[in-house]
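Q: model this:
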Amino acid sequence: MKAIIDTDPGVDDAMAIFYAASCPEIDLIGLTTVFGNVPVEMATRNALHLAEMLGRPVPVAQGCARPLNDRGWKPVFWIHGEEGLGALEAPSPQAAPHPRHAVDFLIEQAERHKGELVLFPVGPLTNIAEAIRRAPAFARNVSRLYVMGGAVHVPGNATPFAEANIHNDPEAARIVLDSGIDTVLVGLDVTNRTNLSREEFAALAKRSPVHGGFLADIADFYIKLYESRGQQGCSLHDPATIVAAMHPELFDLEDGDIAVSLEGETVGQTVIGRKAGRQSVRAAVDGRTDAIIAAFIEGIARLP
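A: Numbering: from 1, shown residues only. So this is what the prediction gives:
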């Protein structure tokens with residue numbers, strides 16, 4: 001599977017990138033960055049650092065810095081840390097970003113790997129929407145999207161109605177979900193129930209001292225937010241999206257047309273239904289969460 005992760009690292013983004021790298025079925029041919037958890041420049045720096053940790057020549061292309069219509073957006077340093085990687089200091093990667101803009105990189109790679117490229121957008125969908133708008137063939141060339149986003153039958157986490165990635169650029173989300181690309185939406189209906197505790201991260205660090213240890217370090221800050229909400233561990237939002245591609249049998253999917261609200265207090269809300277002319281999307285509405293967590297742990301444990 002030729003794959004690109006569109007990302008805004010972010011603690012759980014690091015988890016997703018490392019888990020994808022642990023899967024022999026995935027040929028990770030690039031990372032593209034977008035604003036979201038942190039500003040896009042910081043996301044790019046963090047993505048370069050994560051790629052260097054993997055010891056692989058994974059290009060990192062910097063993408064969009066703001067939503068399509070300049071809708072208000074602010075980074076969430078209080079969730080992911082001042083540098084986006086928990087309490088760790090800013091990394092200093094040696095590599096430079098890819099010379100092409102992320103949108104151009106996505107269009108080029110979709111053309112090069114026509115019909116086999118799988119995209120994992122785990123941040124706002126701005127880069128993907130821009131690729132669809134710029135290149136009419138892009139939607140036909142991409143094989144599938146696994147999107148971390150949405151809250152179909154549960155409350156949101158950015159507002160009572162909306163999940164953060166969709167809320168940060170609802171116009172982009174509407175473009176992507178209406179594009180005709182085969183899409184699996186993995187959102188809060190499942191990911192809110194995939195919790196990993198400090199103790200479990202510590203055990204993972206013993207099995208994978210480099211990569212698991214790094215995740216344990218950055219997760220410590222992240223878990224504090226969840227503890228303030230009465231949970232004992234952090235949710236595996238972004239990595240669950242990769243698990244959905246590797247282990248589809250662990251997820252219950254509901255077919256439907258996803259409408260994205262663009263106005264009022266419900267902006268960013270994802271409503272499943274059926275309307276003529278809209279794209280059918282499969283939304284993960286339930287799953288074997290213990291098995292999803294176990295798959296993530298076993299994947300990271302394969303890394304050094």
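
Q: rest of the way, CA atoms for contacts and neighbours
A: Fine.

Q: any idea how far P67 lies from I218?
A: Using Cα to Cα, to the nearest Å, P67 is found at 27 Å from I218.

Q: residue contacts, the residue nearest the centre of the chain?
A: Residue closest to the average C-alpha location in the chain (Cα atoms, centre = their mean): V122, at 1.5 Å. Contact analysis of V122 by Cα atoms under 8 Å, 6 or more residues apart in numbering lists 5-8, 13, 147-149, 165, 238, 241.

Q: out of these, which are inside strands?
A: 5-7, 147-148 (DSSP state E).

Q: Against which helices or strands is the strand ranked longest in the chain packed?
A: Counting by DSSP E, the longest strand found in the chain is strand 251-260. Secondary-structure packing of strand 251-260 (3 or more Cα pairs under 8 Å, 6 or more residues apart in numbering; DSSP states H and E): helix 170-177, strand 270-273, strand 280-287.

Q: I'd like those written out as a markdown table, with mean pLDDT, distance to S208 and mean neighbour count added.
A: Formatted as a markdown table, the helices and strands packed on strand 251-260 follow (pLDDT from 0 to 100; distance: least, Cα to Cα, whole Å; neighbours: other Cα atoms under 10 Å):
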| stretch | mean pLDDT | distance to S208 | mean neighbour count |
| --- | --- | --- | --- |
| helix 170-177 | 97 | 36 | 24 |
| strand 270-273 | 91 | 37 | 19 |
| strand 280-287 | 93 | 26 | 23 |
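
Q: Now tabulate the ones you listed in CSV and tack on distance to F105.
A: As requested, the helices and strands packed on strand 251-260 are exported to CSV (distance: least, Cα to Cα, whole Å):
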stretch, distance to F105
helix 170-177, 17
strand 270-273, 28
strand 280-287, 25
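
Q: Secondary structure of V190: a strand, I assume?
A: No: if the criterion is DSSP: H, G, I helix; E, B strand; the rest coil, then V190 is helix and not within a strand.

Q: Name the residues that touch the longest strand of the chain?
A: Contact with strand 251-260 is made by 170-171, 173-174, 177, 244, 267-275, 278-288, as judged by Cα under 8 Å, 6+ apart.

Q: in the stretch 51-200 of the chain, what spans have low per-residue confidence?
A: By pLDDT under 70, the stretch 51-200 of the chain has no low-scoring segment.

Q: Tell me who's in contact with R100.
A: Contacts were defined as Cα under 8 Å, 6+ apart; by that measure R100 touches 61-62.

Q: For T33, see how far away it is.
A: For R100, the distance to T33 - Cα to Cα - is 12 Å.

Q: any shared contact partners between those two?
A: Counting by Cα under 8 Å, 6+ apart, the shared contacts of R100 and T33 are 61-62.
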